[in-house]
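> just coords:
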């Protein structure tokens, strides 16, 4: 994403400079009827100007954010995992039991109500993690950085499902299924896309009489 | 509790806990393709550099999933069912900013 947008930015900046120089030249030569041509040219060029500004900002921002990610993203993932586990423990203490189960028939017979409960989240590794993952891939074996991100995300999403169930007033959630889908399409140019994994948990909430 | 969508009960178990299914009426489905605006895509791209949750895409998928479920329920209503059981979801990313969400299940009548 970085290289392509920066290139587009530079290219459009050059185009703008060429156009502005050209139109100034035309005006300076005093061509008839060219005076109202200049604002029109600027209006047409406005998208390119904005794009080039974005390209410049991106070129400055990317290295700074990359370094920020290198310094803090690992800790951030760990903190997210710990926080999800703490919320899980406190909710378990409050409810007195674990409310999620993946079996179909794990309910008592006196059920008054049932309905779908779902929660989701999209999580992505930082560019620093992607770089570590790339080198890890060369060596082979388990790629722990990605595994950490995904398991932290999964803990978070399951906790959201519990909280959602509690908020909607269900006593228990049965038949819980967890889906994982990549946000990055297989076919597209992988340099230009956001890398992320969507984790989606759903189940049937039941209410006892 | 919003377990009943437009008067139709939606569960992902094969039976409805506490109810008896009297008639099955075939498979119903609903799908949607949605995308966020460019600004949110750019923000998600920035967020992706430092990693963590991409809230824009979480929202996007949540909204589209609700819409897909809504269409599935409308499909079930049109054939006169009173519940949809065994609901499944399928997701596919078409491009980075857009996602197709597909929800399907079996329409039934219960008492």
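Structure received. Since we're looking at a predicted model, the values are computed, not measured.
> longest strand in chain A, by residue count?
Longest strand in chain A by number of residues, with DSSP state E as the criterion: strand A:111-124.
> Kindly report the same for chain B.
strand B:21-35.
> neighbouring strands for that strand, and are they parallel or not?
Taking DSSP bridges as the criterion, strand B:21-35 pairs within the sheet with strand B:98-110 (antiparallel).
> Does residue A:206 touch residue B:15 like I think?
No - Residue A:206 is beyond contact range of residue B:15, at 11.6 Å (criterion: Cβ atoms under 8 Å). To be clear about C-beta, it is placed using only N, CA and C from the backbone, and glycine gets the same treatment.
> now what about the longest strand of chain B, what contacts it?
Residues from elsewhere that reach strand B:21-35 (Cβ atoms under 8 Å, 6 or more residues apart in numbering or on different chains): B:15, B:60, B:63-64, B:67-76, B:79-81, B:83-85, B:94, B:97-111.
> mind listing what residue B:10 touches?
The neighbours of residue B:10, taking Cβ under 8 Å, 6+ apart as the test, are A:115, A:116, B:3, B:69, B:72, B:73, B:83, B:84, B:87, B:105.
> which residues does it bridge with?
The partner list for residue B:10 in beta bridges (DSSP bridges) reads residue B:84.
> does residue A:78 count as helix, strand or coil?
Three states are possible here, and by DSSP: H, G, I helix; E, B strand; the rest coil the one that applies to residue A:78 is helix.
> Tell me how many other residues crowd it.
Here the number of neighbours of residue A:78 (other Cβ atoms under 10 Å in any protein chain shown) works out to 12.
> ok now do it, which residues does it touch?
Each residue near residue A:78 by Cβ under 8 Å, 6+ apart is listed here: A:148, A:152.
> and stretch B:44-62, which residues are buried?
The neighbour-count check on stretch B:44-62 (16 or more other Cβ atoms under 10 Å in any protein chain shown) flags B:44-54, B:56-58, B:60-62 as buried.
> circling back: who has more neighbours, residue A:206 and residue B:15?
Per other Cβ under 10 Å, whichever of residue A:206 and residue B:15 has more neighbours is residue A:206, with 27 against 16.
> list the contacts for that one?
By Cβ under 8 Å, 6+ apart, the residues touching residue A:206 are A:107, A:111, A:113, A:114, A:170, A:171, A:172, A:173, A:174, B:17, B:18.
> can I assume the last one is in contact with residue A:115?
Spelled out, that is residue B:18. No - at 11.5 Å, residue B:18 and residue A:115 do not qualify as touching, with contact defined as Cβ under 8 Å.
> Name the residue of chain A with the shortest distance to chain B.
Closest contact between chain A and chain B, by Cβ to the nearest Cβ, is at residue A:115 (2.2 Å).
> Test my guess that that residue contacts residue B:8.
No - applying Cβ under 8 Å, one finds residue A:115 not in contact with residue B:8, separated by 10.2 Å.
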